[in-house]
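Undergrad: Quick one, fold the following:
(one chain, ligands or ions: 1)
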Amino acid sequence: MSDTVKQCPICKLENQKVLADHDYGDKVTYDCSRCGRYTIAGTAEAIADRGDKSVQLSGWLRERNLLGIDIPMLTSHFLEEVISTLPIYRPSEKQNKLLQAIELLTDYPGKAVELKFENDTSLAWAQNEQELRHYLMSLIERGFLKLLSLTPVYSSPTSYVVVTADGWEYLEKKQSSLADKTQVFVAMSFDKSLSPLYNNAIAPAIESTGYRPYRVDADLHLDRIDAKIIAEIKNSRFIVADVTQQKAGVYYEAGFGHGIGIPVIWCVRSDELKNVHFDTRQYNHIVWETEVELKEKLGYVILATIGAKRSSN
Ligand SMILES: [Zn+2]
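TA: Predicted structure coming up:
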């Protein structure tokens, strides 16, 4: 069994290790040199075949593998949720992801990390080797990495790099700003009819993933966005924005968070999907009909896109 190799159904690399083939292909565990380890249901392979999402899926899997975050079995249902909420990163974010991945591959400061360009495109969520090499060169030029190989990055299949003192300092600043955050900012209408939605669905879904929901007190809000709200958004790991009733404040808060790089999970009641503002319609929304449904889907999407909050000790 340990000798079995197959094409990775996610990234299409040939000859990837099959660790376990349960129940005659009903679910297969792969150890792909680009995606890392994951288990996929036979019925989900067709969904993974959507070529346009394979780069992001591969990046998402590799990142979770590197961080040691559990990856639930990729069923078709779960894969649909993941695909519909995968972020599209800007070049600057991809460059940061690459530096963070290299840090995770560094067992001790000073260790040389080998990058194999064909396999490691996923570290930067890059489309191809050329894009990965571009980010690597940028990080070297910025002084965060030092190239140890004698051959240039652009003309060899692998490169050895090491994180520099400036690189460590930069990473430290970055991380203290994100990883420690446990708060989730909830932006939603203050209409009384929606209060149970917060208590019965949104708050418990957030808590079930290890985060702490934060909602501005309705009386303090007064339909204006003050410094306190801005500070609470900045202090949040991500935002849950329910746009049911189409309140301008909800769009403003979510838009502000998005603008400063905080992930936003959009939600809307199904009868209002048609009213969703034009500018945000391009993002996938969790569409719900009942509190129970929202609670379940939101918990799922948080796990799929952000991952559970790991305890800090
Ligand atoms: Zn793969």
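Undergrad: Quick one: mean pLDDT for stretch 55-68?
TA: Mean pLDDT, stretch 55-68: 90.
Undergrad: Assess the claim that Val161 and Phe144 are in contact.
TA: No - distance between Val161 and Phe144: 9.6 Å, which falls outside the contact criterion (C-beta atoms under 8 Å). In this view, the C-beta of every residue, glycine as well, is placed from N, C-alpha and C.
Undergrad: Which positions in the protein make contact with the ion?
TA: Contact residues, the chain versus the ion (C-beta under 5 Å from the ion): Cys8, Ile10, Cys11, Cys32, Arg34, Cys35.
Undergrad: now these in TSV, with pLDDT?
TA: Formatted as TSV, those follow (pLDDT from 0 to 100):
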residue	pLDDT
Cys8	95
Ile10	94
Cys11	93
Cys32	97
Arg34	97
Cys35	97
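Undergrad: Buried only: go through those for me.
TA: Cys8, Ile10, Cys11, Cys32, Arg34, Cys35 (16 or more other C-beta atoms under 10 Å).
Undergrad: what does the helix or strand that contains Asp31 contact?
TA: Assigned by DSSP states H and E, Asp31 belongs to strand 27-32. Strand 27-32 is contacted by residues 6, 8-11, 13, 16-22, 37-42, 61, 73 when judged by C-beta atoms under 8 Å, 6 or more residues apart in numbering.
Undergrad: just the buried members of the residues you listed?
TA: For the contacts of strand 27-32, buried by 16+ other C-beta under 10 Å: 8-11, 13, 16-18, 21, 38-42, 61.
Undergrad: quick revisit: what's the most distant pair in the buried ones among the residues of the chain next to the ion?
TA: Pairwise distances across these (C-beta to C-beta) peak at 8.2 Å, for the pair Ile10 and Arg34.
Undergrad: Mutual contacts of these two, please.
TA: Ser58.
Undergrad: Ala201 contacts Lys295, correct?
TA: Yes - between Ala201 and Lys295 there is a contact under C-beta under 8 Å: 4.1 Å.
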